[in-house]
Each structure stands twice: as structure tokens, then as C-alpha cells.
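Engineer: Got a sequence here, can you build the structure:
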Amino acid sequence: MTTLPAQTDKKLGLVIDLDTCVGCHACVISCKGWNTENYGAPLSDQNAYGADNSGTFLNRVHSFEVQPQAPDAAAQLIHFPKSCLHCEDAPCVTVCPTGASYKRVEDGIVLVNESDCIGCGLCAWACPYGARELDQAEDVMKKCTLCVDRIYNENLPEEDRQPACVRTCPAGARHFGDLGDPDSDVSQLVAERGGMDLMPEQGTKPVNKYLPPRPKDAMPEFDVLAPFLEPVAQEPKGFLGWLDKTLEKL
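Structural biologist: The predicted structure is shown next:
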């Protein structure tokens with residue numbers, strides 16, 4: 001079994017704004033592309049263009065229709081991106097029989113050493129978020145790496161040294177940084193918007209945070225608009241009145 005580090009001062013992770021995400025799946029595609037071409041074994045697809053297709057993804061977006069508590073409020077469509085949360089108390093690490101799953105001391109990222117992975121699936125069973133997937137072609141467990149091969153790559157321009165999903169998001173719904181630093185941009189964003197943990201009752205202490213949707217503006221009452229909807233005149237007068245009466249006779 002693998003032991004977790006006693007403490008990681010640096011906690012790299014994501015902050016995802018559920019109010020801003022539009023469900024475009026750009027993060028899913030960019031993640032698939034980067035992690036197929038770079039770090040570790042490619043993310044395979046099975047029968048990709050057939051009716052019974054399947055594949056390995058490190059990031060997925062789920063959409064839910066939520067009905068607010070107010071009886072007259074309209075339902076909201078919430079797009080919910082989900083990937084590995086790089087938990088502080090990661091059960092996927094401690095359950096691994098070969099030590100393939102581990103949590104880095106230097107930045108808190110949870111990774112899989114694919115050369116030691118035997119594909120037993122215990123880590124997927126232990127993860128309460130369903131964030132691990134077994135690649136059927138390679139028979140190894142795959143998960144979000146926070147693009148560890150990208151964020152430290154000095155050959156890339158500084159603006160590109162962030163996870164592919166963050167760099168690609170057109171709505172600016174994904175944010176990356178050190179959540180162990182209370183003065184970092186992501187930590188301040190969590191404090192300002194009331195960022196929350198996913199399923200805190202599990203006790204895994206996820207590093208990634210979610211920003212809740214803001215309440216939507218209520219529609220104005222129709223009686224407020226009624227005075228503006230009244231006709232300007234009951235009957236046309238002058239030339240328009242004569243023309244209206246003439247046309248009625250035709």
C-alpha cells in the first residue's frame with residue numbers, strides 16, 4: 001500500500017466556476033488531445049465511429065437541470081465538469097497494492113506510475129468521485145495529471161504553462177493555481193465566491209473547488225409592464241383615420 005505525505009504546503013489544483021461554464025466540452029477535447037500525445041500511454045478509443053463506442057477520458061462534463069426552491073423560479077441548466085480532485089486524503093492512493101498511485105510532496109498532485117500499475121481497479125473502486133478510468137488498450141489506470149508535463153515545461157511560453165483545459169476554456173470558467181497559498185488568485189476567488197468541496201461528507205478533503213452558480217435575475221411582473229403596453233390612441237385620427245375608413249370600405 002502507498003502512504004500519503006504528512007503534509008504538502010503547495011496544493012496545486014483547479015477552481016471551476018459553475019456559473020460560467022457553458023458546457024461546450026472544449027476542456028474535454030483539449031484534455032484528450034494533450035494527454036493522448038504527451039504524458040504516459042495514449043488515451044485510447046474502442047470502436048470510435050461505431051454504434052457501441054467507448055473511450056478513456058480524464059475530464060468529463062455532465063449537465064443537470066436544477067429546479068430552484070422558489071415555486072415561481074425557472075429551472076436552471078447546470079454544466080458540471082468532473083475530473084480528479086487531487087484530494088489531500090486520497091483513498092485511491094492508500095488502497096493501491098503496488099504503489100503505482102501516489103501523491104507528490106512538492107505540489108500535492110496525485111499521479112499514477114503506469115509502469116507499476118497492474119490494472120486491478122482498486123483505486124477506481126475507492127474513489128468516491130468516479131474520477132479514474134481504466135484504459136482498455138493499455139490496461140492501466142488513467143486520471144487527470146493537472147498536465148504536470150505542461151505546467152513545469154520551460155520550453156513553453158509562460159502563458160501556456162497551465163493545464164490544457166484551463167488554457168482552452170473559452171468562458172474562463174476554469175482557474176489553476178496554488179490553493180495552499182491563501183494569497184493566491186484561486187484562493188481569493190474561493191473566499192470571495194464561497195467555493196465548496198464536492199461531497200465533503202466523504203472526508204477526502206479535495207483540493208479542487210467549485211464556485212456555485214449565482215442566482216438568476218427574476219422576470220418582471222406583467223402588471224409592471226402593463227402601462228407601457230397600452231395603445232397610444234384608441235382610433236387613428238387625421239389622414240390616418242380617413243385612410244383607415246377608406247380601406248375598410250374596399
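Engineer: In contact with Ile151, which residues?
Structural biologist: Leu12, Arg161, Gln162, Pro163, Phe176 (Cβ atoms under 8 Å, 6 or more residues apart in numbering). C-beta coordinates here come from the backbone N, C-alpha and C atoms, glycine included.
Engineer: out of these, which are inside strands?
Structural biologist: Counting by DSSP state E, the part of these found in strands is Leu12, Phe176.
Engineer: which one of the contacts of Ile151 has the most neighbours?
Structural biologist: Pro163 (26 neighbours; other Cβ atoms under 10 Å).
Engineer: measure that one to Leu189 for me?
Structural biologist: Separation of Pro163 from Leu189 (Cβ to Cβ, to the nearest Å) stands at 16 Å.
Engineer: got the residue ranges for the strands in this structure?
Structural biologist: Taking DSSP E as the criterion, the chain carries its strands at 12-17, 45-46, 54-55, 60-66, 76-82, 101-103, 110-112, 133-135, 140-142, 174-178, 209-211.
Engineer: in this protein, which spans are helices?
Structural biologist: Using DSSP state H, the helices of the chain run over 26-37, 91-94, 122-126, 148-151, 164-168, 185-193, 222-229, 238-249.
Engineer: In TSV: the strands of the chain, plus distance to Val148 and mean pLDDT.
Structural biologist: Below are those laid out as TSV (distance: least, Cβ to Cβ, whole Å; pLDDT from 0 to 100):
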stretch	distance to Val148	mean pLDDT
strand 12-17	9	98
strand 45-46	23	92
strand 54-55	22	92
strand 60-66	20	92
strand 76-82	19	92
strand 101-103	12	96
strand 110-112	7	96
strand 133-135	18	94
strand 140-142	14	94
strand 174-178	12	97
strand 209-211	20	97
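Engineer: Thank you kindly, that will do.
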